[in-house]
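Visitor: Return a 3D structure for these sequence lines:
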Amino acid sequence: MKSIFNLDSPVMTILTEIADLIILNLIYLFFCMPIVTIGAATAAMYRVMLNYEKGESANPVRQFWKAFRENWKGATILFLIMLIPMACMLYYFLVIAASVYGGSKLTLVMSCIAALIIMMLWSFLWPMQAQFENKIGSTIKNSLILSIVHFPRAVLMSVINVLPLLLFLFSPEQFLQFFIVWIMLGFALPAKINTKLILKVFRPFLEADTTSDASNRIKKRSRC
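Guide: Alright, predicted model coming up:
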């Protein structure tokens, strides 16, 4: 029985991981409250997750704060840029498509394709910002290219990211039933799953020689 409560036992390892996820989720929600900080907070959360998956785990609070400060400027600009297509997408689906004007089937299909591309870009953007040092334009371009090249993986990541929103829009009662779970793990758990998925995409770049002078070469970000 004592072995169960040993710090190295599987049970304690799982409980510790869940506790870290809850702490990270609460910190993330707190840092997202000003709204404009959502980009930096998301990049910081992925930085912590990437470190953890690569065996570089440490104090999640300290890692998050350091990554938040490092990504503040670039991630905030990326977030403001992404607000434009995201706002257009929400406007169409929540206002036009839902009430006043449904549009043609072709318009709806094209809008769905555009929404999927936006979500795929969003899913790759923050891990890219967290892991690699690049100019804003290069981060967006690389994220879009990788999301298209790894289309099935990008779609799966997008679905994982958008599930809470879909549940809130189409079944608010069920969403409220799981509200406490969403508060505790609603962002950190999807980020952890997505990190496992995207780390396989990143590995060739992480293992590549980053000393190349090629102008568009992706560079490794120093660890937190």
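Visitor: if you average pLDDT over the longest helix seen in the chain, what comes out?
Guide: Identified as the longest helix of the chain according to DSSP state H is helix 60-91. Throughout helix 60-91, pLDDT has a mean value of 91.
Visitor: Next: stretch 151-164.
Guide: 92.
Visitor: what's next to it, contact-wise?
Guide: Contacts to stretch 151-164, defined as Cβ atoms under 8 Å, 6 or more residues apart in numbering, come from residues 116, 119-120, 122-124, 146-148, 175, 182, 186, 190, 193-194, 197-198, 200-201. C-beta here means a position set from N, CA and C on the backbone, and glycine is covered the same way.
Visitor: Low-confidence stretches in this protein?
Guide: 1-11, 57, 93-104, 208-224 (pLDDT under 70).
Visitor: can we see that at 50?
Guide: 1, 209-220, 222-224 (pLDDT under 50).
Visitor: Which residue ranges of this protein form helices?
Guide: Counting by DSSP H, the chain has helices at residues 10-32, 38-53, 60-91, 105-131, 136-149, 151-170, 172-177, 179-185, 188-207.
Visitor: which of those sits most buried?
Guide: helix 38-53 (a mean of 25; mean count of other Cβ atoms under 10 Å).
Visitor: Packing partners of it?
Guide: Applying 3 or more Cβ pairs under 8 Å, 6 or more residues apart in numbering; DSSP states H and E, one finds that helix 38-53 makes contact with helix 10-32, helix 60-91, helix 105-131, helix 188-207.
Visitor: what does that helix contact?
Guide: By Cβ under 8 Å, 6+ apart, the list of residues contacting helix 38-53 from outside reads 20, 24, 28, 31-32, 57-58, 60, 63-65, 67-68, 70-72, 74-80, 82, 126-127, 129-131, 187-188, 191-192, 195-196, 199, 202, 221, 223-224.
Visitor: I'd say A188 and L21 touch.
Guide: Yes - using Cβ atoms under 8 Å, A188 is in contact with L21, at 4.4 Å.
Visitor: could the helices and strands packed on helix 38-53 be laid out in a markdown table, adding distance to M49?
Guide: A markdown table is the format used below for those (distance: least, Cβ to Cβ, whole Å):
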| stretch | distance to M49 |
| --- | --- |
| helix 10-32 | 8 |
| helix 60-91 | 9 |
| helix 105-131 | 8 |
| helix 188-207 | 4 |
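Visitor: contacting residues for K200?
Guide: Contact partners of K200, counting by Cβ under 8 Å, 6+ apart, are R153.
Visitor: how close does L165 get to L106?
Guide: To L106, L165 is 25 Å away according to Cβ to Cβ, to the nearest Å.
Visitor: Same check on L83?
Guide: In terms of Cβ to Cβ, L83 sits 27 Å off from L106.
Visitor: do N25 as well
Guide: 40 Å.
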